[in-house]
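Novice: This is a predicted model, with the sequence first.
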Amino acid sequence: MPSKEALKEALGLKDVTRAGWILAGVQNPESVASHSWGMALLATQLCPQELNLQRVLELCILHDIAEVHVGDITPHDNVTAEEKHRLESEAIQHMGIDASEAFAEYEAQQSDESKFVRYLDKLDMALQAEIYEGQDLDLSEFKMAVDDW
C-alpha cells in the first residue's frame, strides 16, 4: 500500500505541463495529468470489447507518471529513447507507488492493451492539437492520420 506522501507526490502530475505544447507556443497548455485523463476518457468510449478495459485505464493513468520526477521529455530535448526509458524507470522505482509493471508493459508494447493505449496517446494528442489550433498555431506535427472523424 503506498504511503500518503507517495500518493501526494504522484498527484504532482497535475502540475507538470506538457512541454511539447509550450515549445509550439500554446497559451495555457494542458498538464500531463490532463493528457492522461483525456486518454482514459477516450478509452471508456473506444476500447474494443476483447481488451481488458481496467488494464487499459491503468496504463492510461500510469504511462507518464514518471514525469513527476523527470519532466515531460520531448524529442527536442535530444535525449535518446534508451536514456529516457532509464530515467523514467528509475523515477518510478523511487516513487513508492505501484506503477512499475504498468510502465514496463506500456514501454514494451507487447500486449494488445499497451498497443491500444499507445494509439490513444497519439489520438489524444491529435485531438488536443485540433483544439489548440484555435490559437492560430500550426500544430500539424502533433497530428496523426486518424480515420475520418
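Specialist: In hand now; what should we look at? Residues are numbered from 1 along each chain as shown.

Novice: who are the neighbours in contact with the closest residue to Ala108 other than its chain neighbours?
Specialist: Closest residue to Ala108 apart from its sequence neighbours, by C-beta to C-beta, 6 or more residues apart in numbering: Ser114 at 6.9 Å. For every residue, glycine as well, the C-beta is placed using N, CA and C. Going by C-beta atoms under 8 Å, 6 or more residues apart in numbering, Ser114 touches 59, 105-106, 108.

Novice: could you measure Leu23 against Cys60, distance?
Specialist: According to C-beta to C-beta, to the nearest Å, Leu23 and Cys60 sit 24 Å apart.

Novice: go on, Ile22?
Specialist: Taken as C-beta to C-beta, the span from Ile22 to Cys60 is 22 Å.

Novice: and these two? which has more neighbours close in?
Specialist: Cys60 (28 against 13; other C-beta atoms under 10 Å).

Novice: tell me the average confidence for the helix or strand where the more buried one lies?
Specialist: Using DSSP states H and E, Cys60 falls within helix 53-62. For helix 53-62, mean pLDDT is 98.

Novice: Buried residues, stretch 100-113. List them.
Specialist: Using 16 or more other C-beta atoms under 10 Å as the test for burial, stretch 100-113 gives 102-103, 105-107, 111, 113.

Novice: any chance of these in TSV, plus distance to Leu51?
Specialist: Formatted as TSV, those follow (distance: C-beta to C-beta, whole Å):
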residue	distance to Leu51
Ala102	15
Phe103	18
Glu105	13
Tyr106	14
Glu107	18
Ser111	9
Glu113	5
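
Novice: I'd like to know which of the residues you listed is nearest to Gln128.
Specialist: Comparing the buried residues of stretch 100-113 against Gln128 with C-beta to C-beta picks out Tyr106 as the nearest, at 19.3 Å.

Novice: For the closest one, which residues are in contact?
Specialist: By C-beta under 8 Å, 6+ apart, the residues touching Tyr106 are 59, 62-63, 114, 117-118.

Novice: can I get those in TSV with distance to Gln93?
Specialist: As requested, the contacts of Tyr106 are arranged in TSV below (distance: C-beta to C-beta, whole Å):
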residue	distance to Gln93
Leu59	18
Leu62	14
His63	16
Ser114	19
Val117	21
Arg118	22
